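**Student:** Sequence plus the predicted model coming up.
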Amino acid sequence: MPTIDIFPMGQIDDFLAYRLACCLEERFLFKFQVQRTQPFPRFAYNNIKKQYFAPAILKKTKNIRSEGSGYAIGLVDVDIYGISNNFIIGETNVSDGVALVSLCRLKPDFYGHSSDDDVLFQRALKECIHELSHAMGLKHCYNRICVMHYSTNIFDIDKKRNLLCSECLRRMKEKVGHPQGKKADDTLS
Ligand SMILES: [Zn+2]
Ligand SMILES: [Zn+2]
């Protein structure tokens, strides 16, 4: 069974990374390995936008992943943008099997609320499941509470659950050969 590397980059709380690894392992039935924290991704900084370019961080993630790892996911807490988006929360390079999630816009403090580690964790878990499911070949889903629903803002993220709907679950089984680890009665219809 291939392992999936998690690369914290910059200021990522260890406890959050390990908590994510446990939940993702249970969900995907792959072994997750939290790797050594990588330096802050200064190389991806755009002086004009004052944000970080996600594809550059994805490329770095691809280069540092351990040999034989099935997939890799980077975790950053800086604000990231993509080729055609002013800001993004996560991005995946499907052909390389690498994903990236930014915690920046998942933090309640970003919206002027007091910080809340549990809210941040639940949002981060949904986004990690979303991006890794892309890496494994899943596309977006129209079901608004399915984790593969395309979220454009934090309200959409809070509205969806951290589970695949039954249709996405079926597709996931086709892609990776086994279902996600949640019991069938815990899936969304
Ligand atoms: Zn997506
Ligand atoms: Zn779905």
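**Tutor:** Noted; the coordinates are in hand. Ligands and ions are numbered 1, 2, ... in the order given.
**Student:** In this structure, mark out all the helices, start to finish.
**Tutor:** 14-28, 54-64, 117-135, 154-159, 166-176 (DSSP state H).
**Student:** Format those helices as a markdown table; extra columns: distance to R36.
**Tutor:** Just so you know, the C-beta spots here come from the backbone N, C-alpha and C atoms, and that holds for glycine as well. Converted to a markdown table, the helices of the chain look like this (distance: least, C-beta to C-beta, whole Å):
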| stretch | distance to R36 |
| --- | --- |
| helix 14-28 | 11 |
| helix 54-64 | 9 |
| helix 117-135 | 19 |
| helix 154-159 | 29 |
| helix 166-176 | 27 |
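**Student:** Deepest-packed of those, please.
**Tutor:** helix 117-135 (a mean of 21; mean count of other C-beta atoms under 10 Å).
**Student:** what about it, near ligand 2?
**Tutor:** No - for helix 117-135, no contact with ligand 2 is found by C-beta under 5 Å from the ion; the gap never falls below 9.2 Å.
**Student:** any idea how far that helix is from the chain center?
**Tutor:** 5 Å (C-alpha atoms, centre = their mean, to the nearest Å).
**Student:** list the helices and strands it packs on?
**Tutor:** Applying 3 or more C-beta pairs under 8 Å, 6 or more residues apart in numbering; DSSP states H and E, one finds that helix 117-135 makes contact with helix 14-28, strand 71-76, strand 90-93, strand 98-102, helix 154-159.
**Student:** Same list (these) but as JSON lines, adding distance to ligand 2 and mean pLDDT.
**Tutor:** Formatted as JSON lines, the helices and strands packed on helix 117-135 follow (distance: least, C-beta to the ion, whole Å; pLDDT from 0 to 100):
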{"stretch": "helix 14-28", "distance to ligand 2": "14", "mean pLDDT": "95"}
{"stretch": "strand 71-76", "distance to ligand 2": "19", "mean pLDDT": "97"}
{"stretch": "strand 90-93", "distance to ligand 2": "16", "mean pLDDT": "96"}
{"stretch": "strand 98-102", "distance to ligand 2": "18", "mean pLDDT": "98"}
{"stretch": "helix 154-159", "distance to ligand 2": "14", "mean pLDDT": "96"}
